[in-house]
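>>> just to be clear, the model below is a prediction. Sequence and coordinates:
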Amino acid sequence: MAGYIFRRALTLVPLVLFATFVAFVLMRLSPVDPAEAYFSAAHIKPNEQMLQEKRGELGLDDPFMSQYVQSAVRMLQLDLGTSYLSSKSVWGEIWQRLPATLQLTGSSMLIAFVAVVTLGYLSAVHAGRWVDYAVRILSYIGASLPQFMLGYLLIYLFALHWDLLPVEGKGTWQHLILPSLTLSLALVATYARLFRESILEQMKQAYVDYAHTRGLKPRSIMLRHVVRLAILPIITGFGMNLGRLITGTIVVERVFSWPGLGRFFVESIFNRDLPVIQGYVFFATCLYLCTSLLTDLLHMAADPRLSLQERSR
């Protein structure tokens with residue numbers, strides 16, 4: 001296990017360097033001058049001398065590769081630099097917005113996981129009946145609705161029409177309901193059907209027939225054996241979505257004015273705040289790799305056969 005974790009950790013550095021280099025190149029291809037964006041965000045009309053001085057201050061006059069190497073060395077030392085606009089540490093800006101994103105992610109994942117397991121299980125157990133058809137219809141509707149449309153629909157119904165919940169911002173637990181439902185429905189629509197198919201596939205396996213011949217109760221077979229293996233694809237899917245949700249859900253955060261990382265990243269792109277953009281890419285890449293590793297470890301815990309295969313390598 002330790003050797004597997006070490007091998008996975010070795011892939012972190014080249015992937016982070018590649019991701020940050022791509023982001024660095026794309027931002028340099030943009031026609032917008034970061035110095036001009038800096039003064040524009042401060043509502044200052046600069047002259048050419050002011051622009052030249054700001055470019056020198058930001059290190060934009062250095063050669064392209066020199067700029068990237070300097071920033072890459074700092075990132076490998078976990079120094080993400082300082083925001084052009086706020087003059088604050090990029091790490092500080094990220095940590096300031098991370099709790100809101102974690103709060104939204106945690107509630108969305110919890111709602112989605114409970115709904116996926118419940119609906120997928122009922123749909124598989126009652127395959128071909130009205131419960132199964134109802135779950136299918138819900139899945140099709142959830143998969144076909146864009147998140148921004150679902151968000152505005154929930155705002156209209158629960159905030160404007162019925163006046164039950166707040167529209168936007170972050171405050172009480174009530175502010176969390178609408179954005180969490182918006183995020184979770186897309187996950188439920190995708191993974192409830194996947195969980196259903198996974199359960200039905202496991203029920204065809206030989207170990208289920210053997211368990212019946214041993215006299216085990218059908219409920220025990222389903223909960224202790226079938227569901228335990230059928231849930232592995234769900235763990236993979238949720239693990240991959242965990243990194244995406246933590247690094248920010250741009251559409252939902254914009255619709256509900258949620259002060260998270262996704263909204264912060266979009267604002268940084270518009271303002272050409274290069275240290276923030278590169279710091280966000282660095283943080284997101286590391287987070288994706290860590291959540292991927294955590295997903296694999298959960299797989300091994302749920303299915304010991306995978307752990308044995310890794311030990312034999």
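Now that the structure is in, tell me what you want to look at.
>>> strands of the stretch 1-150 of the chain, residue ranges please.
Using DSSP state E, counting those that start in this stretch, no strands are found in the stretch 1-150 of the chain.
>>> so where's it uncertain?
1 (pLDDT under 70).
>>> quick one, what contacts Val251?
147-148, 151 (CB atoms under 8 Å, 6 or more residues apart in numbering). Backbone N, C-alpha and C define where each C-beta goes, glycine included.
>>> now with 10 Å, please.
146-151, 182-183, 262-263, 266 (CB atoms under 10 Å, 6 or more residues apart in numbering).
>>> please, a ChimeraX command that selects the buried ones among the residues you listed?
The following ChimeraX line selects those of the contacts of Val251 that are buried, judged by 16 or more other CB atoms under 10 Å:
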select :147,150,151,182,183,262,263
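>>> which single one of the contacts of Val251 is nearest to Glu57?
Lowest distance from Glu57 to these (CB to CB) belongs to Val266, with 25.2 Å.
>>> so the closest one makes contact with Thr249?
No. Under the criterion of CB atoms under 10 Å, Val266 makes no contact with Thr249, lying 11.1 Å away.
>>> burial of Met75, as a residue count?
22 (other CB atoms under 10 Å).
>>> so what's it up against?
By CB under 10 Å, 6+ apart, Met75 lies in contact with 16-17, 20, 81, 90, 275, 278-279, 281-283, 286.
>>> do the same with His212
218, 221.
>>> one more time with 7 Å, if that's ok
By CB atoms under 7 Å, 6 or more residues apart in numbering, His212 lies in contact with Ile221.
>>> try Ala127
Leu200.
>>> from Met300, how far off is it?
30 Å (CB to CB, to the nearest Å).
>>> the longest helix in this structure is where?
The single longest helix within the chain, with elements called by DSSP state H, is helix 90-125.
>>> in that helix, what counts as buried?
Those would be 90, 93-94, 97-98, 100-101, 103-105, 107-109, 111-113, 115-117, 119-125, for helix 90-125 by 16+ other CB under 10 Å.
>>> check for me that Leu164 belongs to a strand.
No. Counting by DSSP: H, G, I helix; E, B strand; the rest coil, Leu164 is located in no strand; its state is coil.
>>> list the contacts of it.
Phe158.
>>> what's near enough to touch Arg19?
Arg isn't right for residue 19; it's Ala. 281, 285.
>>> measure it to Trp173 for me?
Ala19 is 35 Å from Trp173, by CB to CB.
>>> ok, now Phe264?
Distance of Phe264 to Trp173, given as CB to CB: 22 Å.
>>> so between the two, which is more surrounded?
Comparing Phe264 with Trp173 by other CB under 10 Å, the one with more neighbours is Phe264, at 22 against 9.
>>> wait, that one touches Arg97, no?
Yes. Counting by CB atoms under 7 Å, Arg97 is a contact partner of Phe264 at 5.1 Å.
>>> what number of residues lie near Phe143?
One thing to correct before we go on: residue 143 is Ala, not Phe. 13.
>>> not counting its neighbours along the chain, what's nearest it?
Counting by CB to CB, 6 or more residues apart in numbering, Ala189 is the residue found nearest to Ala143 once chain neighbours are left out, at 4.3 Å.
>>> wait, doesn't the one you found sit right on Ser144?
No. Taking CB under 7 Å as the definition, Ala189 is not a contact partner of Ser144, at 8.3 Å.
>>> compare these two (neighbour count), which wins?
The residue with more neighbours, out of Ala189 and Ser144, is Ala189; 22 against 9, by other CB under 10 Å.
>>> the more buried one is in what secondary structure piece?
For Ala189, the host element (DSSP states H and E) is helix 177-203.
>>> buried residues in that helix?
177-196, 198-199, 202-203.
>>> and it, what does it pack onto?
helix 90-125, helix 130-144, helix 147-154, helix 227-230, helix 232-246, helix 250-255 (3 or more CB pairs under 7 Å, 6 or more residues apart in numbering; DSSP states H and E).
>>> ok, Leu185 touching Leu150?
Yes. Applying CB under 7 Å, one finds Leu185 in contact with Leu150, separated by 6.3 Å.
>>> could you list the buried residues of the next helix or strand after the helix holding Ala189?
Using DSSP H and E, the next helix or strand after helix 177-203 towards the C-terminus is helix 206-213. Within helix 206-213, the residues that count as buried by 16+ other CB under 10 Å are 208, 211.
>>> for Ala127, what are phi and psi?
Phi and psi for Ala127, reported as degrees, to the nearest 10, are phi -60, psi 130.
>>> could you check the angle the helix or strand containing Leu298 makes with helix 232-246?
Assigned by DSSP H and E, Leu298 falls within helix 274-302. For helix 274-302 against helix 232-246, the angle by axes from the mean of the first three to the mean of the last three CA atoms, to 10 degrees is 160 degrees.
>>> so which elements touch helix 274-302?
helix 12-29, helix 90-125, helix 232-246, helix 261-270, helix 304-311.
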